[in-house]
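Colleague: Structure, please.
(2 chains, ligands or ions: 2)
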Amino acid sequence: MIETEGLSRRFGEHLAVDDVSLVVRSGEIFGLIGPNGAGKSTLIKMLTTLLPPTAGVARVAGFDVVRQASLVRRHIGYVPQLLSADGALTGYENLLLSARLYLIPRAERESHIAEALERTGLTEAAHRLAQTYSGGMLRRLEIAQSTLHRPELLIMDEPTVGLDPVARTGVWEHVRKLRESFGTTILLTTHLMEEVDALCDRLGVLHRGRLEEVGTPEELKAEIGPEATLDDVFARVAGGDIETIGRYADTRATRRSAIEHG
Amino acid sequence: MGDRSLAGYLTQVYAVADAEVRKLRHDPTELLTRAIQPAIWLILFGEVMAQVRGLAPGGVPYLDFLAPGILAQSVLFAAIFFGISAIWERDLGVLHRYMVSPAPRSALVIGKAVSSAVRGLSQAVVVYILAAALGIGVNFHPLSLLAAAALIALGSGLFSTFSLIVACIVKTRERFMGIGQVLTMPIFFASNAIYPIDIMPPWLQAVSRANPLTYEVDGLRAFMLEGGVSRFGLLTDCAVLLGAWLVLTALAARLYPRMTT
Ligand SMILES: Nc1ncnc2c1ncn2[C@@H]1O[C@H](COP(=O)(O)OP(=O)(O)OP(=O)(O)O)[C@@H](O)[C@H]1O
Ligand SMILES: [Mg+2]
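Modeller: Ligands and ions are numbered 1, 2, ... in the order given. Prediction:
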């Protein structure tokens, strides 16, 4: 579903993504972890055609991200790190906008929207302005919007950042449901090892732009020792103290969601 | 149903424009506050300047001469700050939704221009009512109204697309705010909006003749006023506006995707 080779992105002198060769298989849930600034969002922006690579190639859903960008876009869904639903529109109107942009035939539009609202538990709130939604509802609206056209691949950048535990498990459930109902392949980034354990079949660890490890959670843990956790995997790659990194990520996340929902 | 069909393209243009119009319907205060400025210009500036004899050419009362200029001005001022909302959308993340969609970038740009045209037209309604109330000889013939509406839509789309291009270049709200002022004033004053071109020094005349606003005002003078005439010819007016809009749209379609990087 995703195949990259030597994918790199340079910002001036800084190599944000460095020679990443990654394969995400059809039907799997793949997690991307790594400390702040590791290059996760940059990698994802290249895969979603938002940012051109400075070197290397990537095929997503069978198409080249540079030469066939619009075909890639048609086949994938994307939940950005920043929320992309328009607060000045209702949930329904946000979905209607997406349905039209993705050229879902008029006859199917309403049924697709109703199904997506139902699936994400937003039917009741459909005609309220999105700016009145809670953080969890907004995330679910994002998922509804980005899966309206039944993409083969859904890419999510920190889909549960700033959510309380209940809302978070809610999102996990929707992600699992997506794969069950439509066979959607999912690539997500996260700072929560718990999320990787709960959701991901495989994960990759990114550090300073380089993809340092790829494997199933079990494989990566086993490399370290019998009692190892994903925190240990993360710490070994990132080389730092997981405590400080974790705390930094949390404050950032809280601040960001305060901005978004405030 | 291919992405490349015209019907699909128009659906995508409509999607963007419709979303904007819905937002305006949810919160129409912006339209009301924007009605204040043209009122001030017509009532304060217009009434005073009307005392100066012979300012408007051909013995036309100055207020009549001024009204189409103020109409074009209010459309310009509304459109030029369009770029701010584009930057705002980028900062909020809303722009990403558009950019990851399969819609051609030009469809997104045109959709935004159409929504700006809707705004421009709602402003025009206010200015028309105001002008009639001030006793200006407004032409309410349906065909003239239709033609004026087309010009207003075109001007609005043109200047909002221009504003979008500026936004794509400067990228931050702060910089845009500074530059927005710097751009609007010359566009407005170096035009025939509030005085005839003939009384300008030659260099300014040259600038005015290269300014699309001049042609919008010129066309509006013909359509908005009872017995109004265009100085450059309506064909020229429309051709200049349409040509400028197409060029700007092509440019904006190239620059718009860079906003998310
Ligand atoms: N547009 C840009 N211009 C310059 N540098 C950039 C740009 N975007 C990202 N970077 C830099 O690239 C690096 C990777 O950033 P990126 O956002 O991909 O990290 P991330 O892994 O998503 O981090 P986080 O966990 O904080 O979201 C950072 O050092 C960042 O400062
Ligand atoms: Mg990120």
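Colleague: contacts and neighbour counts: CA atoms only from here.
Modeller: OK.
Colleague: what does the helix or strand encompassing A:E118 contact?
Modeller: Using DSSP states H and E, the secondary-structure element containing A:E118 is helix A:106-119. Applying C-alpha atoms under 8 Å, 6 or more residues apart in numbering or on different chains, the contact partners of helix A:106-119 are A:Y92, A:L95, A:L96, A:A99, A:T123, A:A126, A:L141, A:A144, A:Q145, A:T147, A:L148, A:H174.
Colleague: Looking at these, spot the one nearest B:M185.
Modeller: A:L96 (38.7 Å; C-alpha to C-alpha).
Colleague: wait, what's in contact with that closest one?
Modeller: A:R109, A:I113.
Colleague: Repeat that for B:A79.
Modeller: B:S116, B:G120, B:S156, B:G157, B:F159, B:S160, B:S163.
Colleague: Skipping its backbone neighbours, what lies nearest it in space?
Modeller: Once flanking residues are discounted, B:A79 sits nearest to B:S160: 4.5 Å by C-alpha to C-alpha, 6 or more residues apart in numbering or on different chains.
Colleague: Same check on A:T147?
Modeller: Nearest non-adjacent residue to A:T147, counting by C-alpha to C-alpha, 6+ apart: A:G77, 5.8 Å away.
Colleague: The one you found pairs with what?
Modeller: For A:G77, the beta-bridge partners under DSSP bridges are A:L154.
Colleague: How many residues are close by it?
Modeller: 29 (other C-alpha atoms under 10 Å in any protein chain shown).
Colleague: residues near the residue of the stretch 101-250 of chain A found nearest chain B, how many?
Modeller: For the stretch 101-250 of chain A, the residue closest to chain B is A:L101, as judged by C-alpha to the nearest C-alpha, at 5.1 Å. Number of residues near A:L101 (other C-alpha under 10 Å) recorded here: 29.
Colleague: The one 10 residues further on too?
Modeller: By the criterion of other C-alpha under 10 Å, A:S111 has 11 neighbours.
Colleague: Can you pull the residues of the stretch 101-250 of chain A lying near chain B?
Modeller: By C-alpha under 8 Å from any C-alpha of the partner chain, the residues of the stretch 101-250 of chain A that approach chain B are A:L101, A:Y102, A:L103.
Colleague: where's the last one, which helix or strand?
Modeller: With secondary structure defined by DSSP H and E, A:L103 is part of neither a helix nor a strand.
Colleague: Which strand or helix spans the closest residue to it other than its chain neighbours?
Modeller: Spatial nearest neighbour of A:L103, excluding adjacent residues (C-alpha to C-alpha, 6+ apart): B:G8 at 6.4 Å. Counting by DSSP H and E, the element that carries B:G8 is helix B:6-26.
Colleague: could you check the distance from whatever residue of chain B ends up closest to ligand 1 over to chain A?
Modeller: Closest residue of chain B to ligand 1, C-alpha to the nearest ligand atom: B:T261 (5.3 Å). For B:T261, the distance to chain A equals 6 Å [C-alpha to the nearest C-alpha, to the nearest Å].
Colleague: where does that residue land on pLDDT?
Modeller: pLDDT recorded at B:T261 is 77.
Colleague: show me what contacts it?
Modeller: B:T261 touches A:L50, A:L51, counting by C-alpha under 8 Å, 6+ apart.
Colleague: what's the answer for B:E47, then?
Modeller: B:L63 are the contacts of B:E47 under C-alpha under 8 Å, 6+ apart.
Colleague: Got phi/psi on it?
Modeller: In terms of degrees, to the nearest 10, the main-chain angles of B:E47 are phi -70, psi -40.
Colleague: Which residues does the helix or strand hosting A:L141 contact?
Modeller: Per DSSP H and E: A:L141 is located in helix A:135-147. Outside helix A:135-147, the residues that touch it by C-alpha under 8 Å, 6+ apart are A:77-79, A:83-85, A:91, A:94-95, A:98, A:116-117, A:119-120, A:122, A:130, A:154, A:159-160, A:162-164, A:167-168, A:170-171, A:257, A:261.
Colleague: Go through the residues you listed and flag which are in strands.
Modeller: A:G77, A:Y78, A:V79, A:L154 (DSSP state E).
Colleague: is it possible to export those to TSV including pLDDT?
Modeller: Listed next are the ones in strands among the contacts of helix A:135-147 as TSV, based on pLDDT from 0 to 100:
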residue	pLDDT
A:G77	94
A:Y78	93
A:V79	91
A:L154	95
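Colleague: Max pairwise distance over the contacts of B:A79: which two?
Modeller: Taking C-alpha to C-alpha, no two of those sit farther apart than B:G120 and B:S163, at 14.4 Å.
Colleague: For A:I186, which residues are in contact?
Modeller: A:G27, A:E28, A:I29, A:F30, A:L153, A:L154, A:I155, A:M156, A:R179.
Colleague: which residues in the chain form helices?
Modeller: Picking chain A for this. In chain A, the segments counted as helices under DSSP state H are A:40-47, A:69-75, A:91-101, A:106-119, A:135-147, A:165-182, A:193-199, A:217-224, A:230-238, A:242-261.
Colleague: right idea, wrong chain: chain B
Modeller: Along chain B, counting by DSSP H, helices occupy B:6-26, B:29-34, B:36-40, B:47-49, B:62-80, B:82-92, B:94-99, B:105-133, B:142-170, B:173-189, B:202-209, B:212-224, B:234-255.
Colleague: which of those is buried the deepest?
Modeller: Among these, helix B:212-224 has the highest mean neighbour count (mean count of other C-alpha atoms under 10 Å in any protein chain shown), at a mean of 27.
Colleague: and the angle from it to helix B:142-170?
Modeller: Calculated by axes from the mean of the first three to the mean of the last three C-alpha atoms, to 10 degrees, helix B:212-224 forms an angle of 160 degrees with helix B:142-170.
Colleague: What lies in contact with helix B:212-224?
Modeller: With contact meaning C-alpha under 8 Å, 6+ apart, helix B:212-224 is reached by B:65, B:68-69, B:72, B:138-140, B:144-145, B:147-148, B:151-152, B:155, B:187-188, B:191-193, B:208, B:228-234, B:236-238, B:240-241, B:244.
Colleague: With stretch B:168-179 instead?
Modeller: Contacts for stretch B:168-179 (C-alpha under 8 Å, 6+ apart): B:G83, B:I84, B:I87, B:W88, B:V166, B:A167, B:L255, B:Y256, B:R258, B:M259.
Colleague: can I get those in a markdown table with distance to chain A?
Modeller: A markdown table is the format used below for these (distance: C-alpha to the nearest C-alpha, whole Å):
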| residue | distance to chain A |
| --- | --- |
| B:G83 | 17 |
| B:I84 | 16 |
| B:I87 | 14 |
| B:W88 | 11 |
| B:V166 | 20 |
| B:A167 | 18 |
| B:L255 | 13 |
| B:Y256 | 11 |
| B:R258 | 8 |
| B:M259 | 9 |
